[in-house]
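Asker: Here is my input, please return the structure:
(2 chains)
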Amino acid sequence: MSLVIFYILGAAILIAALLVVTLRNIFHSALFLVATFFLVAGIYVMLSAEFLAAVQVLIYVGAVTVLILFAIMLTHNIFAKAVRQVNEQVLPAIIIAGLLLAISIFTIVRTFGDAPQKSENRGSWTATFDTEKLPQESDLYGWSARLQDEDGKDYSAYGSFRVVDEAARLGPGTKLKSGNGAGNGYIISSNAGFSSLDTIFSRGQNIYFMIWSEDVDYRLISNAEWHIFNADWDEEEPWRLLSSISDEDIVTIQLSNSNSESIGRLLMSTFVLPFEVVSVLLLAALMGAIIIARKDD
Amino acid sequence: MPGLSHYLILAAALFCIGIFGLLTRRNAVGVLMSIELMFNAVNINFVAFSRFLSPDALSGQIFAIFIITIAAAEAAVGLAIVILIYRNFRGIEVDKINFMKW
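Answerer: The predicted model follows:
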């Protein structure tokens, strides 16, 4: 099904793009450029990049095309007698573009043609805990999560983590990080894993958990339940459910199927410097465009 | 379900169409439009690689966002230049603007 949609979208993109580069009337070309941008946004949705699809529509369809249409209106009298729109390089251009396409397709098929594809249904769930709320009698904690999909099918995940005082964390306690197996966990289903930003936390730090799975369609997950355990090292029942941890103590539980949230997190953490640099560049381009296009007095 | 190579081939085709337009268009605005097509092809590549090769790290999508930003800046500056050229040459046919050719 999605393959059919892909082929329809792809064919529409290529046809629209061909019309962009071949139509005589540059204004019509610009309108087909809008169509191409819209259809590419559809491709982004197929690749589960919803935020990017929205950005594509806002910036390309909304801003860039309007700029292009403005430039066409300001520079070209579309009612004048038709000027030749293509130069004498059509044949070499066809040869070059065709050759490049052939080489690209050859390389792609050779490199990725029989590559095993990862499943479509990957998803992740996150939960954040405030470690201040954990009782301090022990520093080792366990967690478990139960996820339920719309059909009532259950998935569970578990793992452990350690919370230490800041002094211990910076001091000898940091050795624990490499020594113990804390932070491991997995969802009970094949091809799945658990990750968290860290496995040892300072008291007062928020813990950010993420479970991911290749087998579970995250769009179907309707319910997630998280529990925190305290390690007692009791032979009978080593892990004791902390009754003091109630649902309200868990700061956020989210089914992280929101692509925009993950992108927001990344933009404000790992990519914050490029983000700021790009904003400065955008400002510079804005001022540059105004200065270039301004009439000389 | 379309695989990685489907998206890559689509992007390659879109890129080559952009190259064709870039080489053949006489109108400077048409050239800029072709460049936008190529930007889109590159973005599809980034998102497809991000989706299929490392779905947990969204770096590819972040890069695509940066490319979209750069493309917007490029369009603004490029079109300002086009308007300036139009004002000085009364035309934006790129093969006529050759006074800097040696």
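Asker: When you work out contacts or count neighbours from here on, use the C-alpha atoms and nothing else.
Answerer: Noted.
Asker: got the contact list for residue A:55?
Answerer: residue B:65 (C-alpha atoms under 8 Å, 6 or more residues apart in numbering or on different chains).
Asker: mind listing the helices for chain B?
Answerer: Taking DSSP state H, the helices of chain B run over residues B:4-24, B:28-53, B:59-89.
Asker: Any chance of the ones you listed in TSV with mean pLDDT as columns?
Answerer: Shown next, in TSV, are the helices of chain B (pLDDT from 0 to 100):
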stretch	mean pLDDT
helix B:4-24	93
helix B:28-53	92
helix B:59-89	90
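Asker: Which one of these lies nearest to residue A:66?
Answerer: helix B:59-89 (10.4 Å; C-alpha to C-alpha).
Asker: Would you confirm that residue A:37 contacts residue A:59?
Answerer: No - shown here, residue A:37 and residue A:59 do not form a contact pair, counting by C-alpha atoms under 8 Å, at 9.8 Å.
Asker: These two - which one has more neighbours?
Answerer: Using other C-alpha atoms under 10 Å in any protein chain shown, the more surrounded residue of residue A:37 and residue A:59 is residue A:37, with 24 against 18.
Asker: Against chain B, how distant is the more buried one?
Answerer: Per C-alpha to the nearest C-alpha, to the nearest Å, residue A:37 is found 8 Å from chain B.
Asker: could you dump the helices of chain B to JSON lines with mean neighbour count and distance to chain A?
Answerer: Formatted as JSON lines, the helices of chain B follow (neighbours: other C-alpha atoms under 10 Å in any protein chain shown; distance: least, C-alpha to the nearest C-alpha, whole Å):
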{"stretch": "helix B:4-24", "mean neighbour count": "25", "distance to chain A": "5"}
{"stretch": "helix B:28-53", "mean neighbour count": "23", "distance to chain A": "6"}
{"stretch": "helix B:59-89", "mean neighbour count": "20", "distance to chain A": "5"}
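Asker: which residues sit in contact with residue 47?
Answerer: By default, I'm working from chain A. B:47-48, B:51.
Asker: looking at chain B here, not the other one
Answerer: By C-alpha under 8 Å, 6+ apart, the neighbours of residue B:47 are A:44, A:47, A:49, B:60-61, B:64.
Asker: residue boundaries of the helices in the stretch 1-150 of chain A?
Answerer: Listed in chain order, the helices of the stretch 1-150 of chain A (DSSP state H, counting those that start in this stretch) span A:2-22, A:26-46, A:50-55, A:65-75, A:90-112.
Asker: Worst mean pLDDT among those?
Answerer: Of all those, helix A:65-75 carries the lowest average pLDDT, namely a mean of 88.
Asker: Going by contacts, tell me the helices and strands next to that helix.
Answerer: helix A:26-46, helix B:28-53, helix B:59-89 (3 or more C-alpha pairs under 8 Å, 6 or more residues apart in numbering or on different chains; DSSP states H and E).
Asker: So which bits of the stretch 51-200 of chain A are right by chain B?
Answerer: Contact residues, the stretch 51-200 of chain A versus chain B (C-alpha under 8 Å from any C-alpha of the partner chain): A:52, A:55-56, A:59-60, A:63-64, A:67-68, A:71-72, A:74-76, A:84-90, A:93-94, A:96-98, A:100-101, A:104-105, A:108-109, A:112-113, A:117-118, A:122.
Asker: All good on my end, thank you.
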